[in-house]
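Student: sequence-free structure coming up:
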């Protein structure tokens, strides 16, 4: 039995993981740079990842439904609820990676580990994406790492500028 991955589901997985890592890392490190209270950092991080995962799933469902309705000539095989669920869990699980260090370590150490884990995660996901789509894996990994790194830098800058 050959397992095939529908391209719509693959898109949801990749988008969810990448955005979960990038957005959440930017939020987490930005908050941790601007607020010294670890409890606030953890609360804000969990609120952000929960809302963002839900929003991404809703957006996935709505946008994919619009494509289905717009393109009635082609019969789409992907299930809208399945795609939304894949987006939700991909985003949520990836978003937990930059949050977890704050549950264990002091904020200054956790911030560094959060960035490190997220960037490693982005590199690994980019590499495997390159392998799956039969592209250049190292280029794919470097591209995903660069995109995530820029978002993290933006989060740090804003957190430091608006420090409370």
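Tutor: Alright, I've got the coordinates. The structure presented is a predicted model; accordingly, all values stated were derived computationally and were not measured. Numbering: from 1, shown residues only.
Student: so is residue 149 in a helix, a strand, or just coil?
Tutor: Following DSSP: H, G, I helix; E, B strand; the rest coil, we place residue 149 in the helix state.
Student: can I assume it is in contact with residue 116?
Tutor: No. The criterion here is C-beta atoms under 8 Å, and residue 149 misses it with residue 116 at 11.3 Å. In this view, the C-beta of every residue, glycine as well, is placed from N, C-alpha and C.
Student: with neighbour numbers in mind, choose between those two.
Tutor: residue 149 (17 against 12; other C-beta atoms under 10 Å).
Student: how far away is the closest residue to that one other than its chain neighbours from residue 22?
Tutor: Excluding its sequence neighbours, the residue lying closest to residue 149 (C-beta to C-beta, 6 or more residues apart in numbering) is residue 119, at 6.2 Å. The spacing between residue 119 and residue 22, counted by C-beta to C-beta, to the nearest Å, is 10 Å.
Student: shared neighbours of the two, anything?
Tutor: Listed as contacting both residue 119 and residue 22 by C-beta atoms under 8 Å, 6 or more residues apart in numbering are 148, 152.
Student: out of the two, which sits in the busier spot?
Tutor: Remark: of residue 119 and residue 22, residue 22 carries more neighbours, 25 against 20, as counted by other C-beta under 10 Å.
Student: rewinding a little: which residues touch the residue nearest to residue 149?
Tutor: Counting by C-beta under 8 Å, 6+ apart, residue 119 has contacts 145, 148, 149, 152.
Student: let's see 7 Å
Tutor: The contact partners of residue 119, by C-beta atoms under 7 Å, 6 or more residues apart in numbering, come to 145, 148, 149.
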